[in-house]
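Q: got a structure for you, letters missing:
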């Protein structure tokens with residue numbers, strides 16, 4: 001893959017470390033970084049809806065996801081980008097965009113601990129909120145695209161981030177990219 005046009009996708013469930021890893025990697029590789037979750041949150045704010053309510057709205061209104069996915073596809077086709085998003089790897093796969101696709105796995109308790117560290121809140125509440133969000137996404141992705149979020153066979157690399165420091169994860173990714 002041409003290094004100047006290279007596209008890397010980083011996906012994982014909330015709290016798995018996708019933002020941290022994507023930012024470090026983008027800096028080390030001097031690539032543009034796009035956070036699809038941030039774009040989604042901005043869309044929720046424009047609609048004046050909480051993230052959970054917006055997720056539910058999206059289950060009945062596929063045009064929101066379709067718009068977001070088209071944006072992702074356009075950006076990925078240009079290259080020199082690290083695209084962080086739950087479906088970024090799948091979009092690259094389905095649209096046949098040459099990309100190095102990474103999935104970050106992480107134990108649920110650790111993911112919730114990280115979310116609380118970032119956003120505050122109580123464990124029980126954050127766990128419930130996160131589970132609802134992930135279940136809503138899984139339903140949407142299955143319904144609209146036929147994608148099973150549990151299927152990780154399309155990824156070039158799957159890393160369990162539960163007990164590994166971000167620097168070590170990035171080192172593993174860079175090693176694999178340079179092979």
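A: Perfect, thanks for sending it. Here the structure is a predicted model, which is why all the values come from computation and not from measurement.

Q: can you point me to the longest helix in this structure?
A: Ordering each helix of the chain by length in residues (DSSP state H) puts helix 123-145 first.

Q: what's it in contact with?
A: With contact meaning C-beta atoms under 8 Å, 6 or more residues apart in numbering, helix 123-145 is reached by 13-15, 51-52, 55-56, 58-59, 62, 65-66, 86-87, 90, 94, 108, 111-113, 115-116, 119, 121, 147-149. No exception for glycine: its C-beta is placed from N, CA and C like everyone else's.

Q: Give me the buried subset of the residues you listed.
A: 13-15, 51, 55-56, 58, 65, 86-87, 90, 111-112, 115-116, 147, 149 (16 or more other C-beta atoms under 10 Å).

Q: sorry, back to before: what mean pLDDT does the longest helix of the chain have?
A: Helix 123-145 shows a mean pLDDT of 90.

Q: Now it: buried residues?
A: 126-127, 129-130, 133-134, 136-137, 140-141, 145.

Q: what helices or strands is the helix or strand following that helix leaning on?
A: Downstream of helix 123-145, the first helix or strand assigned by DSSP states H and E is strand 157-160. Using 3 or more C-beta pairs under 8 Å, 6 or more residues apart in numbering; DSSP states H and E, the elements in contact with strand 157-160 are strand 100-105, helix 166-177.
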